[in-house]
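A.B. asks: Sharing a sequence plus its predicted fold:
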Number of protein chains: 2
Amino acid sequence: MIENPKDVLILHFQETISLKENEISLVKNHFKIKELKKKEILIFPGDVSNHMQFIYKGCLRNYYMDQEAKEHILQFGIENWWVNDLYSYLTKTPSKQFVQAIEKSIILQIHRDSLNELFDQIPAIERFFRLKFEKAYVSLQDRTINTLSKTAEERYLEFRSQYRDIEQRVPQYMIASYLGITPEFLSAMRKKIAK
Amino acid sequence: MIENPKDVLILHFQETISLKENEISLVKNHFKIKELKKKEILIFPGDVSNHMQFIYKGCLRNYYMDQEAKEHILQFGIENWWVNDLYSYLTKTPSKQFVQAIEKSIILQIHRDSLNELFDQIPAIERFFRLKFEKAYVSLQDRTINTLSKTAEERYLEFRSQYRDIEQRVPQYMIASYLGITPEFLSAMRKKIAK
DNA sequence: CGCGACGTTGATTTGCCTCAACGATTGTGG
DNA sequence: CCACAATCGTTGAGGCAAATCAACGTCGCG
């Protein structure tokens, strides 16, 4: 039996909430499949994010470019994660960030209007997304605390133990960017850690 | 005419939403006034935050204490701000933070259950808090980006221009804590900036 | 008055950056 | 299928930003 993106999505929902048969087909009908080439950009600064997106296959990143044109990665996403500029999506204001595919990827998208319809029809879906939002908030808060109170080495070791799967598939300089350090320094750190 | 805390709260709501007469008295009835002594702690780590709180008078801080017992201030709050550990409040899980009065303060509190009742009765109130949550999210995101991409001096100057009122009433070492630097370094920076 | 809380100063150390150069892969067009 | 260009990681020298530590001055307050 061939694995279907929308079935994976349903399984993902069902890890948190339960859905009846008719609700499952309702959900499936609201999502559209979209393919992204490697390096393809899904959201540009200035765009308003109007979709929530679930990663079926691939790897994406959300990053911000500062005045000196330096990139700062805010989040990675891989299979079964949601990626977005949540702030732009929630407030319908132009994003200041990029969302880009690091690898060839397949995502499932749902438009805001369509999602709001789903919320009316299936309260559990609303609950699911409320929980996602809360999780996004706390992980952002954890990052802020970590960045303020820990050394780069501590942050790296933590990242590594928490996201080994991500570490293994994205270039090292992107991990450096996520940690807020230079690739050179990350390289030196790794050498030291390896003893 | 003497200024009444609850009238101030109503005016605060009405900067964003509009309320009818009967709604105003409904809102007023749901909030309780609470006084805090200087240095009094409102939320301890381990507590679940069950109230939203509006600052009528005074100044509070929300901080986190790391393994080395160093404090890291996440947010300040003064008149007309809301303070909380939002994550604990939203998820009903134990907080990892402190919320403490820096000065003698007067706050208006509403319990989660009471607020949910209000949401049912007055949709505009729900909208008001949704906007607050979004703003909390984006300001957290801005902080993360700033901490990763700017020097301490840039962050200090930004803080100063954005929150001059706060800078003037909290001890300098707390501003250093907020910025993620030592009091000594902040002192040296200030000397340099003053030329 | 005396003490604790706060800010300042200077010397020293450390964490991390910048820049420049150089392999090692990977990808791509001819 | 090769040749060449990108892309990526590493190394090392030198420099700056910020921490640490210790000492001291000042002020408000019980």
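C.D. replies: It's in.
A.B. asks: who in chain A is up against chain B?
C.D. replies: Contact residues (Cβ under 8 Å from any Cβ of the partner chain) of chain A with chain B: A:64, A:66, A:70, A:72, A:74, A:86-87, A:90-91, A:134, A:136-138, A:140-141, A:143-145, A:147-149, A:180. C-betas here are computed from N, CA, C, even on glycine.
A.B. asks: Restricted to strands, list those.
C.D. replies: Members of those lying in strands (criterion: DSSP state E): A:64, A:72, A:74.
A.B. asks: can you pick the most crowded of those residues?
C.D. replies: The most neighbours of any of these, using other Cβ atoms under 10 Å in any protein chain shown, belong to residue A:64, which has 22 neighbours.
A.B. asks: Pretty sure that residue sits against residue A:100.
C.D. replies: No. Contact between residue A:64 and residue A:100 fails when scored by Cβ atoms under 8 Å: they sit 11.8 Å apart.
A.B. asks: so where do the strands sit in chain A?
C.D. replies: Counting by DSSP E, chain A has strands at residues A:32-36, A:41-43, A:51-57, A:59-65, A:71-78, A:82-83, A:97-101, A:105-111.
A.B. asks: Output these in JSON lines, with mean pLDDT appended to each entry.
C.D. replies: Listed next are the strands of chain A as JSON lines, based on pLDDT from 0 to 100:
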{"stretch": "strand A:32-36", "mean pLDDT": "95"}
{"stretch": "strand A:41-43", "mean pLDDT": "95"}
{"stretch": "strand A:51-57", "mean pLDDT": "97"}
{"stretch": "strand A:59-65", "mean pLDDT": "95"}
{"stretch": "strand A:71-78", "mean pLDDT": "95"}
{"stretch": "strand A:82-83", "mean pLDDT": "97"}
{"stretch": "strand A:97-101", "mean pLDDT": "96"}
{"stretch": "strand A:105-111", "mean pLDDT": "97"}
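A.B. asks: Distance to residue B:170 for these - can I get that in a markdown table?
C.D. replies: Output for the strands of chain A, formatted as a markdown table (distance: least, Cβ to Cβ, whole Å):
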| stretch | distance to residue B:170 |
| --- | --- |
| strand A:32-36 | 47 |
| strand A:41-43 | 38 |
| strand A:51-57 | 39 |
| strand A:59-65 | 29 |
| strand A:71-78 | 29 |
| strand A:82-83 | 38 |
| strand A:97-101 | 32 |
| strand A:105-111 | 44 |
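A.B. asks: hmm, back to that, can I have the buried ones of the residues of chain A next to chain B as a ChimeraX selection?
C.D. replies: Selection of the buried residues among the residues of chain A next to chain B in ChimeraX, burial being defined by 16 or more other Cβ atoms under 10 Å in any protein chain shown:
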select /A:64,72,74,86,87,90,91,134,136,137,138,140,141,143,144,145,147,148,149,180
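A.B. asks: What about DNA strand C: which of the residues of chain A next to chain B touch it?
C.D. replies: When those are checked against DNA strand C using Cβ under 7 Å from any atom of the strand, the ones in range are residue A:180.
A.B. asks: Now intersect the residues of chain A next to chain B with the helices, please.
C.D. replies: Among the residues of chain A next to chain B, the members found in helices (DSSP state H) are A:86-87, A:90-91, A:134, A:136-138, A:140-141, A:143-145, A:147-149.
A.B. asks: Out of those, which two sit at the greatest distance?
C.D. replies: A:91 and A:149 (29.3 Å; Cβ to Cβ).
A.B. asks: got the contact list for residue A:187?
C.D. replies: residue A:172 (Cβ atoms under 8 Å, 6 or more residues apart in numbering or on different chains).
A.B. asks: Residue A:6: what's it in contact with?
C.D. replies: By Cβ under 8 Å, 6+ apart, residue A:6 lies in contact with A:28, A:31, A:33, A:108.
A.B. asks: need those residues in TSV with neighbour count, can you?
C.D. replies: Formatted as TSV, those follow (neighbours: other Cβ atoms under 10 Å in any protein chain shown):
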residue	neighbour count
A:28	15
A:31	24
A:33	13
A:108	22
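A.B. asks: Dump those into CSV; add distance to residue A:153 as well.
C.D. replies: Below are the contacts of residue A:6 laid out as CSV (distance: Cβ to Cβ, whole Å):
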residue, distance to residue A:153
A:28, 45
A:31, 41
A:33, 41
A:108, 37
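A.B. asks: quick one: the spatially most central residue of chain A from residue B:154, how far?
C.D. replies: In chain A, the residue lying closest to the centroid (Cα atoms, centre = their mean) is residue A:83, at 3.0 Å. Separation of residue A:83 from residue B:154 (Cβ to Cβ, to the nearest Å) stands at 29 Å.
A.B. asks: swap in residue A:22?
C.D. replies: Taken as Cβ to Cβ, the span from residue A:22 to residue B:154 is 55 Å.
A.B. asks: quick one on the thing from earlier: pick the one among the ones in strands among the residues of chain A next to chain B closest to residue A:54.
C.D. replies: For these, the minimum distance to residue A:54 (Cβ to Cβ) is 18.1 Å, reached by residue A:74.
A.B. asks: Tell me how many other residues crowd the spatially closest residue to the closest one that is not a sequence neighbour.
C.D. replies: Excluding the flanking residues, the one nearest residue A:74 by Cβ to Cβ, 6 or more residues apart in numbering or on different chains is residue A:62, at 4.8 Å. The number of residues packed near residue A:62 is 20, by other Cβ under 10 Å.
A.B. asks: tell me which parts of chain A are close to DNA strand D?
C.D. replies: Residues of chain A that fall close to DNA strand D, judged by Cβ under 7 Å from any atom of the strand: A:171, A:172, A:173, A:183, A:184, A:186, A:187, A:188, A:190, A:191.
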